[in-house]
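>>> Test case, fold it:
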Amino acid sequence: MKRVFYLTAVLGIWLCNATAYAQQVPDSLLSKATLQECVQYALSHQPVVKQSGIDEEITEHGIKSKLADWYPQIGLDFNLQHYLKLPTSYFNGAAVKTGVANSSSAAFSLNQNIFNRDLLLANKTAKDVRRQAKQNTQSNKIDVVANVSKAYYDMLLTQKQLDVLNEDIVRLERSLKDAYNQYQGGIVDKTDYKRATISLNNTKAQKKTGEESLVAKYAYLKQVMGYPPTGQLNLVYDTMKMSQEVELDTNVAVAYETRIEYQLLQTQRSLLAAELRYNKWSFLPTVSAFANYNFAYLHPEFSKLYSHNYPNSLVGVQLSLPIFQGSKRLHNIKQAELQLKRTDWDVEALRNQINTEYTQAMSAYKSNLNEFLVLKENMELAKEVYDLIEMQYREGVKAYLEVITAQTDLRAAQLNYYNAMYTVLSSKIDLERSLGTISTN
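Okay, here's the model as predicted:
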């Protein structure tokens with residue numbers, strides 16, 4: 001009876017764990033890996049994106065830490081001391097022992113900043129610092145989307161190449177069988193099926209190379225996604241739909257403000273302008289108000305030290321103004337002005353860089369799109385030619401060498417077509433990036 005109870009308990013625990021694991025799988029793995037699913041997974045799990053979110057939190061706490069100095073600063077100092085030997089003072093020509101053997105004090109202090117340029121800088125730049133942290137996150141997300149998309153397309157390219165090679169192997173095996181049967185029947189010599197064997201072996205070798213390459217590309221896609229290395233990743237795609245998504249409006253003009261790099265540089269410029277104002281404020285005084293309340297206890301006997309209190313208190317305003325610092329403040333202002341001026345040239349250089357990137361990306365996209373359309377037509381023509389020659393070969397009109405040639409042309413046309421399709425999709429990503437229109441939602 002005990003054994004049955006034990007087995008039942010173990011089985012119950014195992015079922016609970018299995019259920020819990022099954023519930024966790026959808027959160028950590030993708031049931032279907034479309035491009036959109038891969039991108040969304042990466043935006044939620046990629047370590048770089050996670051770190052950017054943490055950086056935003058660190059920035060927020062840093063801002064609040066600096067702004068906390070605007071609040072009243074309250075402190076407590078406690079002191080307890082016992083003189084082993086009282087100090088001596090010289091008074092009216094005689095040495096006199098002064099002080100009390102035991103003393104204790106507790107001092108409460110309150111300080112309120114009224115004008116402090118460090119706090120003014122923190123207050124003025126808080127919005128820009130937050131914006132900079134968010135823009136860094138956005139920049140990292142754009143990189144993740146672009147990298148995942150390109151790795152996804154590269155994966156599909158290799159997968160479609162393998163599909164083409166598999167179809168070619170089926171055709172070659174059928175052709176080899178036909179050629180061998182014709183050779184056995186004495187219709188043709190052995191060169192036909194020998195050629196078929198050579199073509200089949202070459203295609204199988206290409207397939208093996210593609211399969212090994214696919215394993216490495218799977219690993220890279222998982223890396224840029226932040227996907228578990230041992231997790232199953234099954235790509236789901238629609239080649240027809242993707243071929244229809246290669247088109248992009250080429251009449252769109254580049255806008256600098258949409259580029260995250262430009263936005264980051266503008267934020268940096270705002271922070272440098274605030275730094276310049278900060279250095280100009282160095283000629284202004286620092287003003288603060290303070291209040292102190294002190295408890296003082298004195299007695300020769302330690303046991304009676306806290307029997308009587310001699311308190312004191314005070315309030316006041318403190319003003320601090322450096323008068324001369326060897327022209328240090330003037331040099332700091334000039335340095336800040338030059339840094340701001342240098343950033344203006346950084347903005348100009350970035351504009352030129354964006355124009356160049358846009359021009360190159362647009363040129364590459366148009367070229368790749370044209371090549372894709374041409375190779376799509378070539379693939380359709382190669383399929384028609386192969387079907388016609390194969391039919392004529394079966395009727396004894398065409399030689400087997402022409403069949404091999406047609407098969408080779410069809411395979412090359414298919415491989416070129418898929419290569420062109422994923423190349424134009426990749427160049428579309430580059431163009432969207434140059435336009436600053438990559439979505440990270």
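>>> so where's this protein shaky on pLDDT?
Scanning the chain with the threshold set as pLDDT under 70 gives 1-28, 183, 186-189.
>>> change it to 50
Low-confidence segments of the chain, defined by pLDDT under 50: 1-26.
>>> those helices in it, which residues are they?
Secondary structure of the chain (DSSP state H): helices located at 2-28, 35-45, 47-67, 117-184, 191-225, 239-244, 260-280, 328-394, 400-435.
>>> Buried deepest among these, which one?
helix 400-435 (a mean of 21; mean count of other C-beta atoms under 10 Å). No exception for glycine: its C-beta is placed from N, CA and C like everyone else's.
>>> Which strands or helices does that helix pack on?
On a contact count with 3 or more C-beta pairs under 8 Å, 6 or more residues apart in numbering; DSSP states H and E, helix 400-435 meets helix 117-184, helix 191-225, helix 239-244, helix 328-394.
>>> on that earlier part again, save the helices of the chain as TSV, and put in distance to Y310 too.
Formatted as TSV, these follow (distance: least, C-beta to C-beta, whole Å):
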stretch	distance to Y310
helix 2-28	67
helix 35-45	65
helix 47-67	38
helix 117-184	36
helix 191-225	71
helix 239-244	87
helix 260-280	45
helix 328-394	45
helix 400-435	74
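>>> quick one: the nearest residue to L214 once chain neighbours are set aside from K217, how far?
Residue nearest to L214 in three dimensions, not counting chain neighbours: T158, with 4.9 Å by C-beta to C-beta, 6 or more residues apart in numbering. Taking C-beta to C-beta, to the nearest Å as the measure, T158 falls 6 Å from K217.
>>> Check S105 too.
73 Å.
>>> Also N201?
Taking C-beta to C-beta, one finds N201 at 25 Å from K217.
>>> Am I right that S103 is in contact with A296?
Yes. In this structure, S103 is within contact of A296 by C-beta atoms under 8 Å, at 7.5 Å.
>>> what sits against Q318?
V287, S288, A289, F290 (C-beta atoms under 8 Å, 6 or more residues apart in numbering).
>>> which among those residues gets closest to Q223?
Proximity to Q223 was ranked across the contacts of Q318 by C-beta to C-beta; first place goes to S288, at 53.5 Å.
>>> For the closest one, list each beta-bridge partner.
Beta-bridge partners recorded for S288 (DSSP bridges): N113, Q318.
>>> residues near it, how many?
16 (other C-beta atoms under 10 Å).
>>> List the contacts of stretch 426-441.
43, 138, 141-142, 144-146, 149-150, 153-154, 246, 248, 252, 254-255, 257-260, 262, 354, 357-358, 360-362, 364-365, 368-369.
>>> The same query, at a cut-off of 6 Å, please.
Applying C-beta atoms under 6 Å, 6 or more residues apart in numbering, the set of residues contacting stretch 426-441 from outside is 141-142, 145-146, 149-150, 153, 248, 258-259, 357-358, 361, 364-365, 368.
>>> Same question for stretch 374-381.
So stretch 374-381 is contacted by A413, Q414, N416, Y417, A420 (C-beta under 6 Å, 6+ apart).
>>> mind running it again at 8 Å?
Taking C-beta under 8 Å, 6+ apart as the rule, stretch 374-381 contacts S243, L410, A413, Q414, N416, Y417, A420, M421.
>>> And S367, how far from R394?
Distance from S367 to R394, by C-beta to C-beta: 41 Å.
>>> so how far is S320 from the residue nearest the centre of the chain?
The chain has N140 as the residue nearest its centroid, 3.2 Å off, counting by C-alpha atoms, centre = their mean. The spacing between N140 and S320, counted by C-beta to C-beta, is 43 Å.
>>> again with L410
Between L410 and S320 the computed distance is 85 Å (C-beta to C-beta).
>>> do the same with E211
74 Å.
>>> repeat for Q112
15 Å.
>>> These two - which one has more neighbours?
Q112 (15 against 9).
>>> How about the contacts made by that one?
P72, Q73, S288, A289, F290.
>>> switch the cut-off to 6 Å
P72, A289.
>>> what do you get for V236?
With C-beta under 6 Å, 6+ apart, V236 has these contacts: K32, A33, T34.
>>> Now the first one: closest residue in space, sequence neighbours ignored.
Computed as C-beta to C-beta, 6+ apart, the closest residue to K32 that is not its neighbour in sequence is V236, at 4.5 Å.
>>> again, but for K366
That would be T250: by C-beta to C-beta, 6+ apart, it lies 6.4 Å from K366.
>>> distance of that neighbour from I142?
Distance from T250 to I142, by C-beta to C-beta: 21 Å.
>>> likewise L340?
27 Å.
>>> Tell me who's in contact with the closest residue to L162 other than its chain neighbours.
Spatially, and ignoring its direct neighbours in sequence, L162 is nearest to G210 (4.8 Å; C-beta to C-beta, 6+ apart). Neighbouring residues of G210 by C-beta under 6 Å, 6+ apart: T158, Q161, L162.
>>> again, only this time at 8 Å
T158, Q161, L162, L165.
>>> Among these, which one lies nearest to H308?
Out of the contacts of G210, the member with the shortest distance to H308 (by C-beta to C-beta) is T158, at 89.8 Å.
>>> Isn't the closest one up against S213?
Yes. If you go by C-beta under 8 Å, T158 and S213 touch, sitting 5.7 Å apart.
>>> just to revisit the earlier point, can you pick out the most distant pair from the contacts of stretch 374-381?
It's S243 and L410 that sit farthest apart of the contacts of stretch 374-381, by C-beta to C-beta, at 18.1 Å.
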